[in-house]
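A.B. asks: need a structure here:
(4 chains)
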There are 2 protein chains.
Amino acid sequence: MSGPAPRRRALPMAGAGRPERADAARNRRALVAAARELLAEHGTGGLTLEAVAARAGTGVGTVYRRFGNLAGLTHAMVDSQEYEFQRGFLEGPPPLGPGAPPLDRLHAFADAFVDRLEDQAELLAVAETASPEARYRSGAYAAHHAHLVSLAAELRPDADPAYLADALLTPLEAALYLHQRRVRGMAEERIRAGVHEVVARLART
Amino acid sequence: MSGPAPRRRALPMAGAGRPERADAARNRRALVAAARELLAEHGTGGLTLEAVAARAGTGVGTVYRRFGNLAGLTHAMVDSQEYEFQRGFLEGPPPLGPGAPPLDRLHAFADAFVDRLEDQAELLAVAETASPEARYRSGAYAAHHAHLVSLAAELRPDADPAYLADALLTPLEAALYLHQRRVRGMAEERIRAGVHEVVARLART
DNA sequence: ATAATAAGTGGAATTAATTCCACTTACAAG
DNA sequence: CTTGTAAGTGGAATTAATTCCACTTATTAT
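C.D. replies: Below you'll find the predicted structure:
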């Protein structure tokens, strides 16, 4: 039900199965590049799989073999940022990375997340809503959730860390961010303040 | 960009424009009934607009004139429950309706919401993810948000009530509920407890 | 080198959403 | 009643996602 080939997925499962064939890797890069160009030129509306395939000089079948579906392609498009983000909280410098007190790490996580939203909310929204379960089944969500579970367990061992992690992640949905920015007209800093407030209250010991 | 005809929308804007023509109203009912049957018989996968139209004995064009798109149809399918829910918090008996202290009303709202999710998460998930903005642009979300803004403003006049209302609503997403129930295997009562915990912490004075 | 084979490929076929529009009908005014 | 007309209708046409499969190719072992 997901991408069938072994790719350089974000951190979680790094060097799994045997490497991709050289032509396949080339096509993967060409497809992601084509998708980025189309997005830049025509917005999310211009991002059709046929157009992506045509621009990359492959058939649509190749898009599906590489990415499984539109959700897979959009995830690949945000993958390098996602990779950096995950490195940041898994092994980067504090306060985002290990070493700082858990509450500081939580706030740093929220800040970094809002930065990303401000930068790529549009694309993230496409990735998260490509199918009803796209967001929650993604490797990215799993990684963020696992990270927050571990911080939550340190801060509030009494509470339900799995639920708490979902509750912290959920207001960071890209579609909501877009709605707050564009429809409600909320400024980035107002949303950021709200996120910190939620973090502070949910994490308070 | 939304349904073009004047229907008995949930509470917000009750008896707007001139009434629907009799044949149109008949088709609306037939279509919603057909959609409910198809959902019951074949699950969300069997819910195609062509099948709905065929079962109701109309053309697909009629589905579009009546509901605008799949999101509109699914919203209509949950509309009677939504109507009751809105009556409940707008004018029903306390603690859900007016009369009880705001914090009690908030908890009652959360409880009623979880009841609904347990009952119709599948259909609500289809409605909420029919398009990337489906959830936040829906009249239902607007009504829930407005209600929570007013409670939040009473409880925490210092805070940002609009943000707070989003933060309270967001963990009640149907797709998340389904994920927690089915993938994480969380029991209904565990989720309910988590929701109350979030409400308590975000609303605490 | 060569052959065996697992991996990869392109594009036609299928399925569904959504748009369009020429035709029909309900219904209110005269 | 008749009639004007705004509203409604059905289905063909368009557009896109997704599946399928006969064919090609990179890689590995000999």
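A.B. asks: any idea how far A:Ala30 is from B:Gly185?
C.D. replies: 41 Å (Cβ to Cβ, to the nearest Å). Just so you know, the C-beta spots here come from the backbone N, C-alpha and C atoms, and that holds for glycine as well.
A.B. asks: typo on my end, it should be A:Ala130
C.D. replies: Distance from A:Ala130 to B:Gly185, by Cβ to Cβ: 25 Å.
A.B. asks: likewise A:Pro98?
C.D. replies: 30 Å.
A.B. asks: who's more crowded, those two?
C.D. replies: The neighbour count for A:Pro98 versus B:Gly185, taken as other Cβ atoms under 10 Å in any protein chain shown, is higher for A:Pro98 (12 against 8).
A.B. asks: what sits against the more buried one?
C.D. replies: A:Leu90, A:Glu91, A:Arg105 (Cβ atoms under 8 Å, 6 or more residues apart in numbering or on different chains).
A.B. asks: Quick check: phi and psi at it.
C.D. replies: phi -60, psi 150 (degrees, to the nearest 10).
A.B. asks: Could I get the pLDDT score of A:Ala130?
C.D. replies: For A:Ala130, the pLDDT comes out at 85.
A.B. asks: Which helix or strand contains the residue nearest to it when sequence neighbours are not counted?
C.D. replies: Leaving aside its sequence neighbours, A:Ala130 sits nearest to A:Ala71 (Cβ to Cβ, 6 or more residues apart in numbering or on different chains; 3.4 Å). Element membership for A:Ala71, per DSSP states H and E: helix A:70-77.
A.B. asks: what packs against that helix?
C.D. replies: The contact analysis (3 or more Cβ pairs under 8 Å, 6 or more residues apart in numbering or on different chains; DSSP states H and E) places helix A:70-77 against helix A:22-42, helix A:49-56, helix A:60-67, helix A:102-129.
A.B. asks: want to throw those into a markdown table with distance to DNA strand C and mean neighbour count?
C.D. replies: Shown next, in a markdown table, are the helices and strands packed on helix A:70-77 (distance: least, Cβ to the nearest atom of the strand, whole Å; neighbours: other Cβ atoms under 10 Å in any protein chain shown):
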| stretch | distance to DNA strand C | mean neighbour count |
| --- | --- | --- |
| helix A:22-42 | 4 | 16 |
| helix A:49-56 | 7 | 18 |
| helix A:60-67 | 2 | 19 |
| helix A:102-129 | 12 | 20 |
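A.B. asks: for the ones you listed, which one sits closest to chain B?
C.D. replies: Judged by Cβ to the nearest Cβ, the one of those that comes nearest to chain B is helix A:102-129, at 4.2 Å.
A.B. asks: which parts of chain A sit against chain B?
C.D. replies: Contact residues (Cβ under 8 Å from any Cβ of the partner chain) of chain A with chain B: A:125-126, A:128-129, A:131-133, A:135-137, A:159-160, A:162-164, A:166-167, A:170-171, A:173, A:175-176, A:178-180, A:183-184, A:186, A:190-191, A:193-194, A:197-198, A:201-202, A:204.
A.B. asks: Contact residues of chain A facing DNA strand D?
C.D. replies: Residues of chain A found near DNA strand D (Cβ under 7 Å from any atom of the strand) are A:21-23, A:47-50, A:60-61, A:64, A:69-70, A:131.
A.B. asks: 10 Å - rerun?
C.D. replies: A:1, A:18-26, A:42, A:44-53, A:59-65, A:67-73, A:126, A:130-131, A:134 (Cβ under 10 Å from any atom of the strand).
A.B. asks: Could you list the domains of chain A?
C.D. replies: Following automatic domain parsing, one finds the domains of chain A at A:22-68, A:79-203.
A.B. asks: Turn these into a markdown table, columns for distance to B:Tyr83.
C.D. replies: Shown next, in a markdown table, are the domains of chain A (distance: least, Cβ to Cβ, whole Å):
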| stretch | distance to B:Tyr83 |
| --- | --- |
| domain A:22-68 | 33 |
| domain A:79-203 | 24 |
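A.B. asks: who's in contact with the residue nearest to A:Ala130?
C.D. replies: So A:Ala71 contacts A:Ala127, A:Ala130, A:Ser131, A:Ala134, A:Ser138 (Cβ under 8 Å, 6+ apart).
A.B. asks: and of these, the nearest to chain B?
C.D. replies: A:Ser131 (7.6 Å).
A.B. asks: And the closest residue to the closest one other than its chain neighbours, how far from A:Glu133?
C.D. replies: With sequence-adjacent residues excluded and distances taken as Cβ to Cβ, 6+ apart, A:Ser131 is closest to A:Ala71, at 5.6 Å. Note on A:Ala71: its distance to A:Glu133, by Cβ to Cβ, is 9 Å.
A.B. asks: got it, and A:Ala162?
C.D. replies: 17 Å.
A.B. asks: where does chain A have low pLDDT?
C.D. replies: For chain A, the stretches with pLDDT under 70 are A:1-18.
A.B. asks: Go again with 50.
C.D. replies: Across chain A, residues meeting the criterion (pLDDT under 50) sit at A:1-7, A:12, A:14.
A.B. asks: How many residues are close by the closest residue to A:Ala25 other than its chain neighbours?
C.D. replies: Nearest non-adjacent residue to A:Ala25, counting by Cβ to Cβ, 6+ apart: A:Pro19, 7.9 Å away. Residues near A:Pro19, counting by other Cβ under 10 Å, number 12.
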